[in-house]
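Trainee: Mind folding the following:
(2 chains)
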Amino acid sequence: MRSRFPLGIALCLSITVTAQQGLDRKKVPSPGPTPVLRVPTWTKTTLANGAELIVSEKHDLPLISFSITFLGGEHQFQPAGREGVGSLTAALLSEGTKTRDGEALSNALQLLGTSINASVSGETGTISFVSTAAKFGATLDILADMVLNSTFPAAGLERLRGQRLVALTQARAQPGAIASRVFPRIVFGTTHPYGRVVTEESLKAITRDDVVAFHKAYYQPGRALITVVGDTTSTGAKPGIERALAGWTKGGERPTFNYPALTEPKATTIFLVDKPGAAQSTFAIGRPGPPRNTPDYYALQVMNTILGGMFQSRLNANIREEKGYSYGVNSGFAYGKGPGAFRSGGDIVTAKSDAALVEFMKELRGILGARPITDDELTTAKDALIQRLPGTFASVSSINAAITTLWTQNLPDDYYQQYAKRIAAITKDDVMRVAKQYLTVDHLAIVIVGDRSVIEAPLKATGIAPIALYDIEGNPLGTQ
Amino acid sequence: MRAILHATVSTTAIVAASFAAQIVLAAEPQQGTRGAAARDTLRLPFETYTLPNGLTVILSPDTTTPTVVVNVWYKVGSKNEAVGRTGFAHLFEHVMFTGSGNVPYGLHDKLTEGVGGSNNGTTNNDRTTYYETLPSNYLESALWLEADRMGFLLDSLDLAKLNAQRDIVKNERRQGMDNQPYGRASEILTHATYPAGHPYSWEVIGSMTDLSAASEEDVKDFFRLYYAPNNAYLAIVGDFDAAQAKTWVAKYFGDVPRGKPITRPKVDPVTLQAEKRLVFEDRVQVPRLYLQWPTVGENHDDRFALGVLATILAGPRTARLTKALVYDEQSAANINVFQSSNEDVGEFLLMITPRPGHALTNLEAATDAIIDRLKKEGPTAEEIQKATAGEELDFVRSLESNLGKAFRLSDGAGYHSDAGYFRTEYKKTLSVTADDVKRVANKYLTHGRVVLSIVPTGKLDQAAKPDQSTRVTEYDEKKPEGVK
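Mentor: Okay, the predicted model is just below:
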């Protein structure tokens, strides 16, 4: 904290308010000089076991954010038919070690006032915490114990499995959750890793051996990055980390991310999932997109900001603000190592499902050229993207995420310094080119979860696309 | 809430004096620290003053990040609404984003989100707050925007704008409640806990019928009374120069006229004489049990012990209900317990989702037995220690966010006439004893409560004690609009 108010001095203020005669309230105040971008700095070293270590100092508050990130995830390490094993393994790290049972781990962390979070997602996994600087060493010891000495008790697995089966059952009643299960299955197909979702069958099939095998194969230093951000020093942090993780021996390597080729794109179809009595229809409209390392990333960010990345973007300005069909609609790309999907949508009042679909298609055609982008749209989108950056370095955990992302996505160390220049260079032609390359109105999956008895006929009458009926798991029921 | 990006604000007096304060908290002595630099004090410095028109201003500079937050907190919420106009305070929040006398529609977003910042508004029972997060060089335009809608909103108001926002708010209700499994629970519990006509007896989002009834005159009357500087708190937090900010505040807000005196609703404390048992059929696959007791709000110190009680009952695997029902018996998939505090009233809420084959009736009995034991024996010293050990970290982490600090300072000023109330709150939470927890458990967790079972349609028998439970029937909001 860099306070301008020295300790112990009370400031009593007398404010003189002068009548603002002649104040022209129509005049928009001009911004001050653009603040200088302050990107955090860090040091990078490699531990004897092959794990990389990044330390970034931030001393204004006595906080430390610590994470170990693993490159690769369920898509690379999860056997077919065992969807959910990665996530279960991560959860089981809290169930007990050789010297502490689950309750002992929980008690110790509660007394330290913090918690350790472990997760494995599609292409990365992480185990992390934020602690006060004073509790950092003790918390790190517990994390190391969890990574190295977990016992994966069968009882813990059974309890977690039971809880997850209940959550899956509950999700069958939640329109947003249904759309998020059905959409990837349709866009990528059920054999592509991006289209494989956790099911009752896969959860039930997972054995303790599967968990132990996943842990052994996955939690290896050769594919790990340790990131430490906050009130510590580059030289001070390393010895403590090496000591805590002393038993973590060399092994593992960075995985390759070879995804199968996508099947031929199908003509635009409405995939209707019946949800009788639904007050709204949940829309997910999209197709496969480019990986994060595409050179078109910056142009795509500008394009999407104009289309659906902000409140006043075209989609929300039209469908929410002008028409009142929804509480909010948007669009975005799920950038990853593979063809992460472009997805737009939102929750639409049942009676306006057809009218809203017409507007979605109109806005997609618009960005594809029917409604050329204006100078004002381009400038606003670029300003928003560029000037948002400084705010992302506010907390130890957001700085941790910003630095770690460079590593997981193979981005250069000066990425943030170069970012503004890259965005500023984007032209209208660039935006138009990437819209045409990555968007389409001819090969879209339009997933709509809603009350079929009310919305099917009006959707059909729009003539936008044929309707195929699907169940809530994303399996076809037959084509109309 | 205007946009989908949610900000959560907690809840709860008036007028602020001119003073400056800061917090100095002793950090834990270093134990087992490896290479970590220590700090022995933490500071959240701020100063506050009042303009002649009654506007309370709170300034808290922090140059760590080149960003700034402007938060304008109006002391009006759903409890100020009239019966038949429920949902109005929140609908009005939406109208505040439709432009004002000198600000055409859309410019507000352009000068916030469009320059790399953000904006939103949130409404609860007690207050409505509006904020902008900005690169630090856009502070002046944000103050201009906020002053214009405080001073000149009605200059640009028309019925079409009101109607458009009405439709959006109805969709907000559908998305958050009507179209969500268990989404109706909160409304049913609120109606059952508070007597009809009580200022806390309706939901902030309101009813569809009342939302349809709101008129342009309602908007004007509401604005003139409540959106006056004497009912508002302006917080500026982040990278700015205090002297410069004061000049801008005086320039843009100084001549906004003071409003008429406000009559606040009289809020009677609520107790239930007997248990109310309800069952509601919903499009869910798994039933769920809700137990709710009326407690106290932001203006009563028992809320601190009630908060600790909630943590002792559920959350970590060693919490009493979680350990017994989720881990040992495995009759529940999950349990959540909260003390939620509005300004004048509060509720203690317990939610249990069963594992298959376990009846809500049995889960209720098991829960009651565990609570009865806690009421008899009180918690252990270790339970108190575990429940409060995270306070320091939570507090320091909250200092990382300009927005979090702005909310904290504004809530203190608005509810407690003390922007520095967070110090009191912190101390009171840490000084909760086992005896306090035992006392509040006995005082509030009595037979006067609401027991609500939400069951899959057609499965009324899955309710807890189904033969003693009254079925809650459909509300008008449940019919999709436009479908006859």
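
Trainee: mind checking how far the nearest residue to residue A:320 once chain neighbours are set aside is from residue B:181?
Mentor: Excluding the flanking residues, the one nearest residue A:320 by CB to CB, 6 or more residues apart in numbering or on different chains is residue A:326, at 5.1 Å. Where C-beta positions appear, they are placed from N, C-alpha and C, glycine not excepted. For residue A:326, the distance to residue B:181 equals 20 Å [CB to CB, to the nearest Å].

Trainee: One more: residue A:40?
Mentor: For residue A:40, the distance to residue B:181 - CB to CB - is 42 Å.

Trainee: neighbour count winner among these two?
Mentor: residue B:181 (21 against 16; other CB atoms under 10 Å in any protein chain shown).

Trainee: For the stretch 51-200 of chain A, list the residues in contact with chain B, please.
Mentor: A:59-64, A:102-103, A:106-107, A:110-114, A:130-138, A:140-141, A:159, A:162-163, A:165-167, A:169-170, A:172-175 (CB under 8 Å from any CB of the partner chain).

Trainee: quick revisit: for the residue nearest to residue A:320, give me its contacts.
Mentor: A:280, A:319-320, A:346-349, A:356, B:168, B:171, B:175 (CB atoms under 8 Å, 6 or more residues apart in numbering or on different chains).

Trainee: Kindly supply the ChimeraX command isolating those of these that are buried.
Mentor: Of those, the buried ones can be selected in ChimeraX as follows, counting by 16 or more other CB atoms under 10 Å in any protein chain shown:
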select /A:280,319,320,346,347,348,349,356 /B:168,171,175
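
Trainee: got the contacts of residue A:326 as CSV, with pLDDT columns?
Mentor: Output for the contacts of residue A:326, formatted as CSV (pLDDT from 0 to 100):
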residue, pLDDT
A:280, 96
A:319, 97
A:320, 96
A:346, 98
A:347, 97
A:348, 97
A:349, 96
A:356, 98
B:168, 93
B:171, 91
B:175, 92
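
Trainee: out of the contacts of residue A:326, which are inside strands?
Mentor: Among the contacts of residue A:326, the members falling in strands (DSSP state E) are A:280, A:346-349.

Trainee: Could you save those as TSV and add columns showing distance to residue B:200?
Mentor: Listed next are the ones in strands among the contacts of residue A:326 as TSV, based on distance: CB to CB, whole Å:
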residue	distance to residue B:200
A:280	28
A:346	31
A:347	28
A:348	32
A:349	29
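
Trainee: Closest to residue B:130 out of these?
Mentor: Distance ranking of the ones in strands among the contacts of residue A:326 against residue B:130, using CB to CB, places residue A:346 first at 23.4 Å.

Trainee: is it true that the closest one touches residue A:323?
Mentor: No: using CB atoms under 8 Å, residue A:346 is not in contact with residue A:323; the gap is 11.8 Å.

Trainee: and residue B:105, how many residues sit next to it?
Mentor: Neighbour count of residue B:105, defined by other CB under 10 Å: 14.

Trainee: For it, which non-adjacent residue is spatially closest?
Mentor: Of all residues not flanking residue B:105 in the chain, residue B:99 sits nearest, at 3.8 Å (CB to CB, 6+ apart).

Trainee: From residue A:324, how far out is that neighbour?
Mentor: Applying CB to CB to residue B:99 and residue A:324 gives a distance of 16 Å.

Trainee: can you give me the helices for the stretch 51-200 of chain A?
Mentor: Ranges of helices within the stretch 51-200 of chain A are A:74-77, A:85-92, A:102-112, A:136-149, A:154-171, A:175-188, A:200-205, based on DSSP state H, counting those that start in this stretch.

Trainee: Of all those helices, which one is nearest residue A:476?
Mentor: Closest approach to residue A:476 among the helices of the stretch 51-200 of chain A (CB to CB): helix A:175-188, 9.2 Å.

Trainee: Please tell me how far the closest one is from the chain's geometric centre.
Mentor: Distance of helix A:175-188 from the chain centroid (CA atoms, centre = their mean, to the nearest Å) equals 16 Å.

Trainee: And for stretch A:116-133?
Mentor: Relative to the chain's own centre, stretch A:116-133 is displaced by 14 Å; criterion: CA atoms, centre = their mean.

Trainee: quick one: which helix or strand includes the nearest residue to residue B:440 once chain neighbours are set aside?
Mentor: In space, residue B:440 comes closest to residue B:305 once its chain neighbours are excluded; the distance is 4.4 Å by CB to CB, 6+ apart. Assigned by DSSP states H and E, residue B:305 belongs to helix B:302-313.

Trainee: after that helix, next one along is what?
Mentor: Using DSSP H and E, the helix or strand that follows helix B:302-313 in sequence is helix B:320-321.

Trainee: what does that next one rub up against?
Mentor: Helix B:320-321 has contacts (CB under 8 Å, 6+ apart) with B:312-314, B:335, B:337, B:350, B:367, B:370, B:374.

Trainee: Which is the succeeding secondary structure element to the helix or strand bottoming out on mean pLDDT in chain B?
Mentor: The helix or strand of chain B with the lowest confidence, counting by mean pLDDT, DSSP states H and E, is strand B:19-21 at a mean of 32. Of the helices and strands lying after strand B:19-21 in sequence (DSSP H and E), the nearest is strand B:46-50.

Trainee: Could you give the average pLDDT over stretch B:122-131?
Mentor: Mean per-residue pLDDT for stretch B:122-131: 98.

Trainee: quick one: that stretch near chain A?
Mentor: No: Stretch B:122-131 lies out of reach of chain A by CB under 8 Å from any CB, never closer than 13.5 Å.

Trainee: Next, the angle from the helix ranked longest in chain B to helix B:302-313.
Mentor: Ranked by number of residues, the top helix in chain B under DSSP state H is helix B:360-377. Orientation check (axes from the mean of the first three to the mean of the last three CA atoms, to 10 degrees): helix B:360-377 against helix B:302-313 gives 120 degrees.

Trainee: and helix B:360-377, does that touch chain A?
Mentor: No: Helix B:360-377 stays clear of chain A (CB under 8 Å from any CB), getting no nearer than 13.2 Å.

Trainee: And the helix or strand just after that helix, what's buried?
Mentor: Toward the C-terminus, helix B:360-377 is succeeded by helix B:381-388 as the next helix or strand (DSSP H and E). Within helix B:381-388, the residues that count as buried by 16+ other CB under 10 Å are B:383-384, B:386-388.

Trainee: Mind telling me the two of those residues farthest from one another?
Mentor: Maximum distance among the buried residues of helix B:381-388 (CB to CB): 9.8 Å, for B:383 and B:388.

Trainee: By mean pLDDT, flag the weakest helix or strand of chain A.
Mentor: Ranked by mean pLDDT, DSSP H and E, the weakest helix or strand in chain A is strand A:476-479, scoring a mean of 76.

Trainee: Now residue B:374. Nearest residue, chain neighbours left out?
Mentor: Nearest residue to residue B:374 in three dimensions, chain neighbours excluded: residue B:441, at 5.7 Å (CB to CB, 6+ apart).
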